[in-house]
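J.: Any chance you can model this:
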Amino acid sequence: GSLEYLASQPDVRVLSEPAESGLVTGYQVGTRVARGELYFFCNEDMWFAPDCLRLLSEQIDLSKRIAAADGWHRTYDDTDWLHRGVRFRGTRWAINSPHPRFETDFEVELPPGERVPYPCAGAFLIHRDVFAELGGWDTSFFLDHEDADLFLRAWQRGWICATVPDARIYH
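T.: Here you go, the predicted model:
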């Protein structure tokens with residue numbers, strides 16, 4: 001009943017994109033009609049702590065080149081971490097990584113505001129002007145590594161993503 005509920009809300013505009021087009025294609029379609037200064041991308045099966053968006057938005061500071069903020073994800077029942085601070089660590093071979101000699105650790109305990117290589121595409125906030133500068137999502141990605149791709153382009157332009165431990169996301 002989600003679609004019917006959202007369609008009945010006067011302040012909500014519902015856009016549809018076939019599931020076969022992939023996650024970031026849906027995200028990209030949304031940016032064409034979004035009007036805010038900040039874009040919050042999130043999967044459809046998440047919920048957020050009441051202060052999550054405020055905490056994420058407080059981290060973005062273009063004067064310091066901080067273009068995006070990455071919250072920390074827990075299981076729905078709040079028993080386990082799914083995503084915290086992100087770091088790369090050397091390894092002999094990592095087949096499911098943006099670089100074969102480094103694996104990604106998504107559960108590093110980091111202080112608020114610490115720079116991370118990229119946010120989780122499942123839920124993060126980014127400034128719309130930086131998103132536009134980066135060229136938006138590469139819609140050839142169906143699912144996975146689209147976030148690393150977006151932030152590889154951000155790194156190349158000197159933009160930063162900050163981790164926000166208190167911005168809780170449940171997935």
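J.: from the chain's centre, how far out does the helix ranked longest in the chain sit?
T.: Identified as the longest helix of the chain according to DSSP state H is helix 146-156. Computed by Cα atoms, centre = their mean, to the nearest Å, the chain-centroid distance of helix 146-156 equals 11 Å.
J.: Quick check: mean pLDDT of that helix?
T.: Computed over helix 146-156, the mean pLDDT rounds to 94.
J.: packing partners for that helix?
T.: Counting contacts by 3 or more Cβ pairs under 8 Å, 6 or more residues apart in numbering; DSSP states H and E, helix 146-156 is packed against strand 66-74, strand 160-170. For every residue, glycine as well, the C-beta is placed using N, CA and C.
J.: Does anything pack onto the shortest one? Which helices or strands?
T.: Which is strand 66-74. helix 52-59, strand 81-83, strand 123-127, helix 146-156, strand 160-170.
J.: Make JSON lines from the ones you listed and add distance to Ala34 and mean neighbour count to it.
T.: Output for the helices and strands packed on strand 66-74, formatted as JSON lines (distance: least, Cβ to Cβ, whole Å; neighbours: other Cβ atoms under 10 Å):
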{"stretch": "helix 52-59", "distance to Ala34": "14", "mean neighbour count": "18"}
{"stretch": "strand 81-83", "distance to Ala34": "24", "mean neighbour count": "16"}
{"stretch": "strand 123-127", "distance to Ala34": "11", "mean neighbour count": "24"}
{"stretch": "helix 146-156", "distance to Ala34": "16", "mean neighbour count": "19"}
{"stretch": "strand 160-170", "distance to Ala34": "19", "mean neighbour count": "22"}
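J.: right, so of these, which gets closest to Glu17?
T.: For those, proximity to Glu17 was assessed by Cβ to Cβ; helix 146-156 is nearest, at 14.7 Å.
J.: Buried ones in stretch 41-55, by neighbour count?
T.: Buried residues in stretch 41-55, counted by 16 or more other Cβ atoms under 10 Å: 41-42, 48-49, 52-53, 55.
J.: so Glu20 sits in a strand?
T.: No. Counting by DSSP: H, G, I helix; E, B strand; the rest coil, Glu20 falls outside a strand, being helix.
J.: can you tell me which residues contact it?
T.: Counting by Cβ atoms under 8 Å, 6 or more residues apart in numbering, Glu20 touches no other residue.
J.: I'd like the distance between it and Gly26.
T.: Separation of Glu20 from Gly26 (Cβ to Cβ, to the nearest Å) stands at 11 Å.
J.: count of neighbours near the residue nearest to Asn43 when sequence neighbours are not counted?
T.: Nearest non-adjacent residue to Asn43, counting by Cβ to Cβ, 6 or more residues apart in numbering: Gly122, 4.9 Å away. The number of residues packed near Gly122 is 19, by other Cβ atoms under 10 Å.
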